[in-house]
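[1] Structure here, sequence nowhere to be found:
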Ligand SMILES: [Zn+2]
């Protein structure tokens, strides 16, 4: 099966009330772990690349490795640009064979966001590529995106409807209380499901996307901290909430932090337990296994996308 857009997988997710995981990739181990887990679970999957991942690994390397994963598996795989900062970056990804791009105009005011998103949509659609846009603003830090708590704001459902109608975007990322990074909540975790419900009432046919949705898995944070790490007080979005989001209309759930923690935890454990190791396969192998187990657990037990390929 060649690379696909997210169109069909999102239609199925809206009809059958499950979510599709969108996992960030940076290197070969991530790509193999994510696609093997999805293949074994017979789940559609989205591989996403941020602009800093492109800077790190180069777009041609990422694309070729994703092609190898597509050849090695038998599930729908979409290749998506995460948080495209401008038209040029989106265009570069479209021209390099991505099947989906996000244009993140949430840093601009409403009219500027509409104009920029529309520009990307027009180009993407002429090439058969789909576009995710964002309205509202998430707090937190993720690669080049850094928004202070005070600047974060929830998505306005009426504005969301106007935004989708005017831009023609294919899916919409909304802000309902998640945030980027490993420190998502100061107090109790809380998501505004009332806003999600109102957005879905206004936009019943638009797939909704949740960013900043890692659960910051406590066992992985502990494994890091017990092996020389220093990530105190990290807190994510509980799995029950993410499961509910998938059931109540979210079609795409982004996961980056949890996979970073999975890799780091295993590398730290191996180094701590055997300081004599210097063969990279001896620590990147367990790291890849941990990423795979993490992705599989999300697909089977949180997003409920297993057997939906
Ligand atoms: Zn994000």
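    Yep, that arrived. All of these numbers come straight from a predicted model, not from anything done at the bench.
[2] Going along the chain, name the helices of the stretch 1-150 of the chain.
    7-16, 28-40, 51-57, 59-72, 87-95, 110-126 (DSSP state H, counting those that start in this stretch).
[3] closest to residue 225 out of those helices?
    Nearest to residue 225 among these is helix 28-40; the distance by Cβ to Cβ comes to 22.3 Å. C-beta here means a position set from N, CA and C on the backbone, and glycine is covered the same way.
[4] Give me the residues contacting the closest one.
    21, 23-25, 44-45, 47, 62, 65-66, 68-70, 72-75, 77, 259, 263, 284, 287-289, 291-293, 295-296, 299, 309 (Cβ atoms under 8 Å, 6 or more residues apart in numbering).
[5] How about the secondary structure of residue 196?
    At residue 196 the chain is in helix, as set by DSSP: H, G, I helix; E, B strand; the rest coil.
[6] Chain neighbours aside, what residue packs nearest to it?
    residue 176 (5.5 Å; Cβ to Cβ, 6 or more residues apart in numbering).
[7] which element is the one you found on?
    Following DSSP states H and E, one finds residue 176 outside all helices and strands.
[8] Drop anything exposed from the contacts of helix 28-40.
    21, 23-25, 44-45, 47, 62, 65-66, 69-70, 73, 75, 77, 259, 263, 284, 287-288, 291-292, 295-296, 299, 309 (16 or more other Cβ atoms under 10 Å).
[9] Which of those residues fall within strands?
    Per DSSP state E, strands hold the following members of those: 21, 23, 24, 45, 47, 77.
[10] Which pair of these spans the longest distance?
    Going by Cβ to Cβ, the pair spanning those furthest: 24 and 77, at 14.3 Å.
[11] low-scoring pLDDT stretches of the stretch 101-250 of the chain, where are they?
    Per-residue confidence for the stretch 101-250 of the chain (pLDDT under 70) gives these ranges: 141-152.
[12] switch the cut-off to 90
    Residue ranges of the stretch 101-250 of the chain with pLDDT under 90: 136-153, 177-190, 233-235.
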